[in-house]
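Enquirer: Here is my input, please return the structure:
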Amino acid sequence: MFYVITNTGKVAVACAVLALSLSSCIKEEALNAEADITGVSLGENQQLLREPVINNNDVTLFANTSDSILAPVFTLTEGATISPASGTPRQFFKTERQLTANDDGTVDTTYLYESTPQTYTVTSQNGQWKKEYTVNIVNNATPSDFHFDNVRYYEFGGKPAFQIFYETVGGNRIDWGSGNAGAMVTLAQSNPSFSDYPTSQADNGVSGKCAKLTTISTGALGTMFGAPIAAGNLFLGSFVVNMQDMPASTHFGIPLHNTVPSSITGYYKYQPGPEYRRLTGSAGSYGTEVVPGKTDDFAIYAIVYEVTADAPYVDGNTVMTSKNIVLRAEVTNHKAGNEWVKFDVPFVQQNGKTIDQQKLENGQYNIAIVLSSSADGASFSGAIGSTLYVDEIHLNYE
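Expert: Here you go, the predicted structure:
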């Protein structure tokens, strides 16, 4: 059985698609069997800071709102219905008012938000298929600490497929993106465990669990698409599979709220794989070749960039070259070994730009942390078996 992830992140089974195609030949007006959310908004009076992130079973909205009761409006696949109905008000936050008495007799009021994600069920036009989505609204939350202790599971066919790291800040769940969704295509026939994926959780972190990133072979199928390896990677942002342009699948960044990062700290340990290989060939004849004398290397860096109409995000094609990047912090002191190495690197201005305070207050900047077991993984070159462990990352703010 062969699984396909489309460029909207939906998972389908090829044999089911074939069966539907055959039935449509018999019955030309067959009802649609898809049950997907394809778009969502919060209405005219609510501001979405970024495009919604829509995956197979969950939707994340980045909003700029103090309202706890919101009424998302959904776009669905043809003929599908959703319950509760599109536009139904639901409580996405619990709000607690906290009063703090000051020495001068005044009282400060602080509002604490606890996210309460809501569940929706989409039913296909033909009534035979249902899909459950969890809708999570992230409101004014930029994390400082990343512990890699929390994972949830991407589900396919009602079963867990791979791990998704997340952090919780201000009552909001912030997901890490990874390339695991793309690797699921090439691993589908091997019945993989969580640890077989390029990105997974591991024991024996600096504190608690840690992230484990490993470069793997994608086999004949990955090679056919010009992606013969998959580096283990994690990044703040989302992964939307684009088989025609795999580097474009990585959408880096989440909104940066009202503060400017000054440095990034954390821990890593790294072992390069035994044989560095680079991508060769062209469409229809991709392959790899050994690069004698070259040793694989990892990447740990963070960027802040301006979000504009013509560049709503940076991806694997532009993350190193985008003129919208304002700040960058990168670990350049690389060591291989079995011991944890601490890093502390400052953010440095890029492209002659500085943070504009008004744009910052308006939510016009994104921040991304990027981790990879092979620095050339975006160009599908590296060493099979290269492994990067990362833990206890902290963003320091001005």
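
Enquirer: what's near enough to touch the residue lying closest to residue 92 once chain neighbours are set aside?
Expert: With sequence-adjacent residues excluded and distances taken as CB to CB, 6 or more residues apart in numbering, residue 92 is closest to residue 137, at 4.5 Å. Any C-beta I mention is one placed from the backbone N, CA and C, and that applies to glycine too. The contact partners of residue 137, taken as CB atoms under 8 Å, 6 or more residues apart in numbering, are 60, 61, 63, 70, 92, 93, 115, 117, 172.

Enquirer: Take the residues you listed and lay them out in TSV including pLDDT, neighbour count and secondary structure.
Expert: Compiled in TSV, the contacts of residue 137 are given as follows (pLDDT from 0 to 100; neighbours: other CB atoms under 10 Å; DSSP: H, G, I helix; E, B strand; the rest coil):
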residue	pLDDT	neighbour count	secondary structure
60	88	22	strand
61	88	24	strand
63	81	22	strand
70	89	21	strand
92	88	25	coil
93	81	23	strand
115	78	19	strand
117	89	16	coil
172	77	23	strand
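
Enquirer: okay if I get those residues as CSV plus distance to residue 311?
Expert: Output for the contacts of residue 137, formatted as CSV (distance: CB to CB, whole Å):
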residue, distance to residue 311
60, 20
61, 20
63, 21
70, 28
92, 29
93, 30
115, 29
117, 29
172, 25
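
Enquirer: Can you read off the pLDDT for the residue nearest to residue 92?
Expert: Reading off the confidence values, residue 137 has pLDDT 85.

Enquirer: same check, this time on the one 3 residues further on
Expert: Predicted confidence (pLDDT) at residue 140: the value is 68.

Enquirer: for residue 235, same thing?
Expert: Residue 235 is assigned 93 on the pLDDT scale.

Enquirer: Secondary structure class of it, three-state.
Expert: When the structure is split into helix, strand and coil by DSSP: H, G, I helix; E, B strand; the rest coil, residue 235 lands in strand.

Enquirer: Next, the contact list for the nearest residue to residue 77 once chain neighbours are set aside, please.
Expert: Using CB to CB, 6+ apart and skipping the chain neighbours, the partner closest in space to residue 77 is residue 34 (3.9 Å). Contacts here follow CB under 8 Å, 6+ apart; on that basis residue 34 touches 77, 78, 80, 124, 125, 129.

Enquirer: Please, a ChimeraX command that selects the buried ones among those?
Expert: Restricted to the buried members of the contacts of residue 34, where burial is judged by 16 or more other CB atoms under 10 Å, the ChimeraX selection command reads as follows:
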select :77,80,124,125,129
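
Enquirer: Just the ones in strands from the contacts of residue 34, please.
Expert: Counting by DSSP state E, no part of these is found in strands.

Enquirer: Beta-bridge partners for the residue nearest the centre of the chain, please?
Expert: The geometric centre of the chain, computed from its C-alpha atoms, lies nearest to residue 177 (CA atoms, centre = their mean), at 2.0 Å. Assessed by DSSP bridges, residue 177 has beta-bridge partners residue 235.

Enquirer: Surely it and residue 250 touch.
Expert: Yes - with contact taken as CB atoms under 8 Å, residue 177 and residue 250 are classed as touching, separated by 6.8 Å.

Enquirer: and stretch 232-250, which residues are buried?
Expert: Of the residues in stretch 232-250, those buried (16+ other CB under 10 Å) are 232-243, 246-247, 249-250.

Enquirer: and those residues, which two are the farthest apart?
Expert: Spanning the widest gap among the buried residues of stretch 232-250 are 236 and 243, at 23.5 Å by CB to CB.

Enquirer: tell me the contacts of the residue nearest to the centre of the chain?
Expert: Each residue near residue 177 by CB under 8 Å, 6+ apart is listed here: 234, 235, 236, 237, 238, 239, 250, 251, 252.

Enquirer: Quick check: the farthest pair among those?
Expert: The widest separation within the contacts of residue 177, taken as CB to CB, falls between 234 and 251 and amounts to 13.7 Å.

Enquirer: and the nearest residue to residue 245 once chain neighbours are set aside, how far is that from residue 242?
Expert: Ranked by CB to CB, 6+ apart and with sequence neighbours excluded, the top spatial neighbour of residue 245 is residue 317, at 7.5 Å. As judged by CB to CB, to the nearest Å, residue 317 and residue 242 stand 10 Å apart.
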